[in-house]
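Enquirer: Based on what follows, work out the 3D shape:
(chains A and B)
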Amino acid sequence: MENMITLTIDNRAVSVPKGTTVLDAAASIGINIPALCHMDLKGTCVKNAPASCRICVVEVEGRRNLAPSCATLVTEGMVVRTNSARVVRARKTVAELILSDHPNDCLTCPKCNDCELQKLVTRFNIRRMTYKGEQSVRKKEETPAISRNMDKCILCRRCETVCNQVQTVGVLGAVRRGFETTIAPTFDRMFKDTDCTYCGQCVAVCPTGALTERDNTDRLLEDLCNPDKIVIAQPAPAVRVALGEEFGLEPGTIVTGKLATSLRYLGFDYVFDTDFAADLTIMEEGAEILHRLKAFLGGDKDVKLPIMTSCCPAWVNFYEHNYPDLLSYPSSAKSPAQMFGAIAKTYWAQKMGIPREKLVVVSIMPCLAKKYECEREEFSVNGNPDVDYSISTRELARLIKRSNIDFKSLPDSDFDTPMGESSGAGAIFGATGGVMEAALRTVYEVYTGKTLPRLEFQDVRGLEGIKEATIDLNGFQLKVCVAHTLGNARYLMDKLRAGELNYHVVEIMACPGGCIGGAGQPYHHGNVEILKARARAIYREDEGKPIRKSHENPDIQQLYKVFLGEPLGELSEKLLHTHYFDKSIQ
Amino acid sequence: MKVSCEALRQVEAICRKFKNDPGELISILHECQNTLGYLPEEVQRVIARELGIPASKVYGVVTFYSFFSMVPKGKYPVSVCLGTACYVRGSDKVLEEFKRVLGIEVGETTPDGKFSLDCLRCVGACGLAPVATIGEKVYGRLNPSDIKKIVAEFDG
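Expert: A predicted model of the protein is given here:
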């Protein structure tokens, strides 16, 4: 074929399409060239290829210097050596030079055993610190969501790339030069004084311990051991399809039953499910969609369309910071996690006779922005938050290991009632397009009065950045759009501001792939197949559920009957809806 | 310190002169620095907004190049060359004398806003080493004992 290039890598012939890098060509025949700054989440827009670390150098016959394989394209007849003595020596020296300006406190580093630099040091057989010199001293910061310790930064620029190119948040960037160079928020401020959305994608891609999550595990352990507290858990949909990875299970293994058991063994008094609250979200957001649609079809010129989802706390931060003029477009529905907290600390607490201050609601989330969301003032009553705090999937895994629980051999168990029952619609919230699909299942049936012939909306599934679909509602063509990553959100919001966005409903999630690619999930280390496996698992979870539409969840129906009244009713508005603030920085 | 609205209008005008082209960022920063004497946060934010790029990017460039400054430069910016030729001919002593006479450290500006002090590496006049510049004016073959008199020329 004309567009194929044949070359030799480590004495093995390989044919790859023109335009392939040596790094990818080698990977295609199982030659795994080490790389550090490079990250390519293929099929998404997450790609960092600055060719700056020089770990991936190879020897190319006829070329004087060593070539960075991540940035060198294949040519016909090229002869490449990835493991010659010269290459191995050079690679080791590069790693040793990086280490010369690294704190090397691996034993107590939060990234220990998950650090890409540490893995390379082991792989290159580096057994001593060859170079010693001055150490850079850079800023440290602890935010509600993200911990920043830039002494551990190796300047790979992955965080800068995701923050600027993928998320277009534009907070992190390189400042100063030479030895003084550091990656810092704009004007060397603290994250909290910038447009940072706490999406945490900088944490998700950081190869070292420079950017990590704020750890709440010690706090949780204290609460679990405190006999005066009633501690209840709510794990998010995306946690159950990723947690297993931390215990060596294949990506995409569904561990819902083991998850519930492990939470009980950890000492949670009640183990409920955020999926239940996802169904509740669909009831409220679905009612809001119908309300706005009816107004629109009734000729109301002022109705705000498209209505946009509001489950994702990083997305909420993003529009509060960047689009304060468009705050009336997103749904006023709280996120499922916050709806859960509001119901748990009112309806359930009253039912159980538990005083609010005794009850500790802990969310287990694939997300770091959720940690920040818990601290938003409007989600608290007299200083007592609806959700006390949030831990990530990774933190839960650490806690399970610390508590001597052999996760893989755990028996399955069910969630507690009444806030543990959920539909397949609630389950798919974890993947991009899931909230839209869940909403469509309910909106279609409520609007048309007909039963959906097919529950799956394939057009809104998959990793494409912006997806659209048209759904026939008794002759009315409902136009919907689904986007993930904040860069795609910005594209849509700019169109909305210009009056050129012609959809009725839009779903937005900040993280690539949706919550399955959240910043609190087990690190993907650049392997997009892991995200795909998690997404497939999410849809398998849905298929395995006896109930697959939110409005058919009997516990949800019961909640409205005995407590809430109706969607968008007075109590629902009070407990399940919120408002947004202008947080733009002048 | 607040930048005047008038100054910010000037910044906008400079950006527009360069057609708000992000590729012209450095030229725009140069002109703003020359016009205002420095590039405070507010100015960088206006430039970022005009060019449609993140403020973090503007800040990265401003901190990368030593010519750009976020604190106001003096009316007469003093730069002492510490390049090799000047250094071996004693420019470090010239710098010390400037610090003593002006009463400021490198990177600072005198309280009356008249002088600021910086170092640079080579102005291409090594034959005149040691060299210092004040504004556009170049002083060569300097001796620490000359400094007081030179400063007095501007102090009138």
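
Enquirer: Please verify my assumption that A:Val87 contacts A:Cys56.
Expert: No. A:Val87 lies out of contact with A:Cys56 (C-beta atoms under 8 Å); the separation is 9.9 Å. (C-beta placed from N, C-alpha, C; glycine too.)

Enquirer: what about the two, which has more around it?
Expert: A:Cys56 (27 against 20; other C-beta atoms under 10 Å in any protein chain shown).

Enquirer: how much space is there between the residue in the stretch 301-450 of chain A that chain B sits nearest to and A:Pro144?
Expert: Nearest residue of the stretch 301-450 of chain A to chain B: A:Asn322, at 11.2 Å (C-beta to the nearest C-beta). For A:Asn322, the distance to A:Pro144 equals 20 Å [C-beta to C-beta, to the nearest Å].

Enquirer: do A:Tyr347 as well
Expert: A:Tyr347 is 27 Å from A:Pro144, by C-beta to C-beta.

Enquirer: same check, this time on A:Phe563
Expert: Counting by C-beta to C-beta, the gap from A:Phe563 to A:Pro144 is 31 Å.

Enquirer: Report the contact partners of the residue of chain B found nearest chain A.
Expert: Nearest to chain A in chain B, going by C-beta to the nearest C-beta, is B:Pro54, at a distance of 2.5 Å. Contact partners of B:Pro54, counting by C-beta atoms under 8 Å, 6 or more residues apart in numbering or on different chains, are A:164, A:168-171, A:173, A:186, B:48.

Enquirer: Export those residues as a markdown table, with columns for pLDDT and distance to A:Gln135.
Expert: Shown next, in a markdown table, are the contacts of B:Pro54 (pLDDT from 0 to 100; distance: C-beta to C-beta, whole Å):
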| residue | pLDDT | distance to A:Gln135 |
| --- | --- | --- |
| A:Asn164 | 94 | 27 |
| A:Thr168 | 95 | 33 |
| A:Val169 | 95 | 29 |
| A:Gly170 | 94 | 29 |
| A:Val171 | 95 | 25 |
| A:Gly173 | 95 | 22 |
| A:Thr186 | 92 | 25 |
| B:Ala48 | 95 | 32 |
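
Enquirer: Can you turn the buried subset of those into a selection I can paste into ChimeraX?
Expert: ChimeraX command restricting these to the buried ones, with burial defined by 16 or more other C-beta atoms under 10 Å in any protein chain shown:
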select /A:164,168,169,170,171,173,186 /B:48
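
Enquirer: so which of the contacts of B:Pro54 comes closest to A:Asn474?
Expert: Using C-beta to C-beta, A:Thr168 comes nearest to A:Asn474 of these, at 38.4 Å.

Enquirer: For the closest one, grab phi and psi.
Expert: A:Thr168 adopts backbone torsions of phi 50, psi 30, taken as degrees, to the nearest 10.

Enquirer: if we can go back for a sec, neighbour count winner among A:Asn322 and A:Pro144?
Expert: A:Asn322 (23 against 20).

Enquirer: gap between the more buried one and A:Ser584?
Expert: 7 Å.

Enquirer: got it, and A:Arg214?
Expert: Remark: distance between A:Arg214 and A:Ser584 (C-beta to C-beta) = 25 Å.
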